[in-house]
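**Q** what's the 3D shape of this:
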Amino acid sequence: MAHKKGKNKGYTYRYNKSGTVTCRAYFDMPNGTRKQLSSTGKTEEESRKTLQNKYADICKQGKQIKSKSYTVKSWCVHWLKDVKTNLKGNTKDSYYSYFQNHIYPLIGSVKLKDLTIDKIQKAINKVKSKKIEKNGVLQTLKGKTVKEVFAPLKQALKYAMADNKMPHISLELLDMPKVVKGTREVRNQIEQKIVEDYFSNRIKDKPFNLYYAPIAIMDARGLRPEEVGGLQWQDIDFENDSFWASRHTVVKNNIYDENGKRIGEKIVVEDGGKTPQAVRELPLGRFLSNIFKMKYQQYIDKGITPNPSDFIFYTKVGTLFYEQSLRKMYKSLSKLLQISDIGPYSLRHEYLTFLAQETNTDQESIKELAGWSQIITTYFHTDNEHKRKATNEVDKQYENITFTSKEDENLNNGKIIHFPTKKVINQ
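**A** Residues are numbered from 1 along each chain as shown. The predicted structure follows:
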């Protein structure tokens, strides 16, 4: 008969009728549970060592064991918190919003090992048909927005599959909505002229207020709001008539607890922009040079001598400008000038659209002026009028060419040639 022993040893062992020894002990598993393990050997020492090695192997494979308890929500929380640690604040906030508002309510409770293409596709279809209110009107999400919602989920799941957290599924089979490329929203030419006149101080009853200088910079150079907020005096090079954009950017980030729950927000200054290409040197020009000199003089008049590392623009309460605060500033300016309030990003769209359509600026130069990593083709939309103007420019080089009399005969003496409209079959 077997005898149980092992008091105060942290494990129990017993002698078997076969002459072997079995050891048993409880261990904390990588997935947070507690489980009893056993092993058998010729001696107590061999059995005990085998038991310890068995537990060590389980700990080495802890990722695989832990994965059984992961749901889509718990995995995405872990992925955002511990894996995607290099995400910029605004991007992280967007991902969090997509997960919280769209993904978790639909498939957040599904375990990774049970997740299928069909379940993800059904979630996509529900988000596509979801009604949201915008300006008092219920409408469905745009195809581009739906793709943006599920993009971080696809990233998280690809990482989970690569790390053996879930079975491999073909995410390429998902039927994502088609994105129709359209034009960017901009103000009409009349409103653009009103803003131009205001910044040029040509409206008698509405003199230019230096408070709106950040909007003027976005209007003149197409800067992103967070780039304007991050401008420092050391970025301005009056001697070489240039300035640096996106060396610093100012964003308002959410604050999350250890479980990924949003508990607040804070203003953050980040080194650099969204991409390395975002940090760029731009022409200063007379207009912006005067703007910055006026702003500098304003500080001097207040008894303040700015340091090179000081930020140029501050709100009335002494905080840095970021996208939402500049949006409020633009709203105030729109009300003052009685123009459309379509947000400060419209200024960037107008600047790039002007470069793309109304000037002879090449795409590579536009890419560098915009701070893009690659050309964004939506700014290069066209129509028949633009194509006609382009071909007319080409035809100008042929205006002075004359034909000989023989060539005139071949051209039917300038008369209109009528081509057959019916299909001709060669005999």
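**Q** pop the domain breakdown of the protein in here.
**A** 4-67, 72-173, 208-380 (automatic domain parsing).
**Q** how about stretch 125-145 as PDB, C-alpha atoms only?
**A** Output in PDB follows, covering the C-alpha atoms of stretch 125-145 (Å, rounded to 0.1, in the frame of the first residue of the first chain):
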ATOM      1  CA  ASN A 125     -21.100  45.100 -41.100                       C
ATOM      2  CA  LYS A 126     -22.800  46.400 -37.900                       C
ATOM      3  CA  VAL A 127     -20.400  49.300 -37.700                       C
ATOM      4  CA  LYS A 128     -21.000  50.100 -41.400                       C
ATOM      5  CA  SER A 129     -24.700  50.300 -40.700                       C
ATOM      6  CA  LYS A 130     -24.500  52.100 -37.400                       C
ATOM      7  CA  LYS A 131     -26.300  55.500 -37.400                       C
ATOM      8  CA  ILE A 132     -24.600  58.500 -35.800                       C
ATOM      9  CA  GLU A 133     -25.900  62.000 -35.400                       C
ATOM     10  CA  LYS A 134     -23.900  64.800 -37.100                       C
ATOM     11  CA  ASN A 135     -25.300  68.400 -37.200                       C
ATOM     12  CA  GLY A 136     -28.700  67.100 -36.200                       C
ATOM     13  CA  VAL A 137     -28.800  64.500 -39.000                       C
ATOM     14  CA  LEU A 138     -28.500  60.700 -38.600                       C
ATOM     15  CA  GLN A 139     -26.100  59.200 -41.000                       C
ATOM     16  CA  THR A 140     -23.900  56.100 -41.400                       C
ATOM     17  CA  LEU A 141     -20.100  56.100 -41.000                       C
ATOM     18  CA  LYS A 142     -18.000  56.800 -44.100                       C
ATOM     19  CA  GLY A 143     -16.100  53.800 -45.500                       C
ATOM     20  CA  LYS A 144     -12.800  55.500 -44.600                       C
ATOM     21  CA  THR A 145     -13.900  55.800 -41.000                       C
END
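**Q** can you give the contact residues for it?
**A** Identification of contacts with stretch 125-145 by C-beta atoms under 8 Å, 6 or more residues apart in numbering yields His102, Leu106, Val146, Val149, Phe150, Met176, Pro177, Lys178, Val179, Val180. From N, CA and C alone the C-beta is placed, and that goes for glycine too.
**Q** mind listing what's buried in it?
**A** Buried residues in stretch 125-145, defined by neighbour count with 16 or more other C-beta atoms under 10 Å: Val127, Lys128, Leu141, Thr145.
**Q** what about the spatially most central residue of the chain, distance to Tyr211?
**A** Centroid-nearest residue in the chain: Thr91, 5.1 Å away (criterion: C-alpha atoms, centre = their mean). Distance of Thr91 to Tyr211, computed by C-beta to C-beta, to the nearest Å: 30 Å.
**Q** how about Trp79?
**A** 42 Å.
**Q** give me the more crowded residue out of the two.
**A** Remark: of Trp79 and Tyr211, Trp79 carries more neighbours, 22 against 13, as counted by other C-beta atoms under 10 Å.
**Q** and that one, what pLDDT?
**A** Looking at Trp79, its pLDDT reads 91.
**Q** what's the closest non-adjacent residue to it?
**A** Ala156 (4.3 Å; C-beta to C-beta, 6 or more residues apart in numbering).
**Q** list the residues that contact that neighbour.
**A** Trp75, Cys76, Trp79, Leu80, Val83.
**Q** let's see that with 10 Å instead.
**A** For Ala156, the contact set (C-beta atoms under 10 Å, 6 or more residues apart in numbering) comprises 72, 75-80, 83-84, 95, 99, 103, 112, 165.
**Q** just those: which are in helices?
**A** Val72, Trp75, Cys76, Val77, His78, Tyr95 (DSSP state H).
**Q** TSV please, covering the contacts of stretch 125-145 and showing pLDDT.
**A** Shown next, in TSV, are the contacts of stretch 125-145 (pLDDT from 0 to 100):
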residue	pLDDT
His102	93
Leu106	95
Val146	92
Val149	93
Phe150	95
Met176	90
Pro177	86
Lys178	81
Val179	74
Val180	68
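**Q** list only those of the residues you listed flagged as buried.
**A** The neighbour count (16+ other C-beta under 10 Å) marks His102, Leu106, Val146, Val149, Phe150, Met176, Pro177 as buried among the contacts of stretch 125-145.
**Q** how close does the second one sit to Ser246?
**A** In other words, Leu106. 37 Å.
**Q** what do you get for the fifth one?
**A** For Phe150, the distance to Ser246 (C-beta to C-beta) stands at 29 Å.
**Q** follow-up on the earlier one: and of the contacts of Ala156, the nearest to Val186?
**A** Tyr95 (28.5 Å; C-beta to C-beta).
**Q** settle this for me: the closest one is touching Trp79, isn't it.
**A** Yes - with contacts counted by C-beta atoms under 10 Å, Tyr95 reaches Trp79, the gap being 9.2 Å.
**Q** so what sits against both of these two?
**A** Shared contacts of Tyr95 and Trp79, defined by C-beta under 10 Å, 6+ apart, comprise Pro152, Leu153, Gln155, Ala156.
**Q** make JSON lines out of those residues and add distance to Phe292 and secondary structure.
**A** What follows is the shared contacts of Tyr95 and Trp79, written out as JSON lines (distance: C-beta to C-beta, whole Å; DSSP: H, G, I helix; E, B strand; the rest coil):
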{"residue": "Pro152", "distance to Phe292": "39", "secondary structure": "helix"}
{"residue": "Leu153", "distance to Phe292": "44", "secondary structure": "helix"}
{"residue": "Gln155", "distance to Phe292": "41", "secondary structure": "helix"}
{"residue": "Ala156", "distance to Phe292": "44", "secondary structure": "helix"}
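**Q** out of those residues, what pair is the most spread apart?
**A** Greatest spatial distance among the shared contacts of Tyr95 and Trp79 (C-beta to C-beta): Leu153 and Gln155, at 7.2 Å.
**Q** tell me which of those two has more neighbours.
**A** Leu153 (23 against 16).
**Q** apart from its neighbours in sequence, what residue is nearest the more buried one?
**A** Ile103 (5.6 Å).
**Q** burial of that neighbour, as a residue count?
**A** Neighbour tally, Ile103, other C-beta under 10 Å: 22.
**Q** now Glu350
**A** When counting by other C-beta under 10 Å, one arrives at 21 neighbours for Glu350.
**Q** secondary structure element for it?
**A** Assigned by DSSP states H and E, Glu350 belongs to helix 345-357.
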